[in-house]
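# curious how this folds, go ahead:
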Amino acid sequence: MAYLTGIRNFVQNKSGYLQTQVGNPEGADKPNKRYYYDPRVWVCEGEKTLVARVKEACADLGNTS
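Residues are numbered from 1 along each chain as shown. Here you go, the predicted model:
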């Protein structure tokens, strides 16, 4: 669940850009950047939220240094 939270947040925040390849919230004639479609960006966002959740779990268990 923690992994998917980052991906979900990215998709929700960039939904206007993900609707079409040309035309976005900044203007109908502006092309979308590849950044929004690149799955590596989505994976990175998922990893960030997973790391935060693991740190929280370790703190809860007293397993931090």
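# any idea how far residue 64 is from residue 14?
Going from residue 64 to residue 14 by C-beta to C-beta, to the nearest Å gives 33 Å. To be clear about C-beta, it is placed using only N, CA and C from the backbone, and glycine gets the same treatment.
# which regions of the chain sit below the pLDDT cut-off?
Residues of the chain that meet the criterion pLDDT under 70 lie in 20-23, 31-32, 65.
# can you pull out the strands in it?
22-24, 27-31 (DSSP state E).
# hang on, the earlier thing: which of residue 64 and residue 14 has more residues huddled nearby?
Under the neighbour definition other C-beta atoms under 10 Å, residue 64 and residue 14 were set side by side, and residue 14 has more, 18 against 8.
# identify the residues contacting that one.
For residue 14, the contact set (C-beta atoms under 8 Å, 6 or more residues apart in numbering) comprises residue 36.
# quick check: bridge partners of residue 24?
Beta bridges link residue 24 to residue 27, judged by DSSP bridges.
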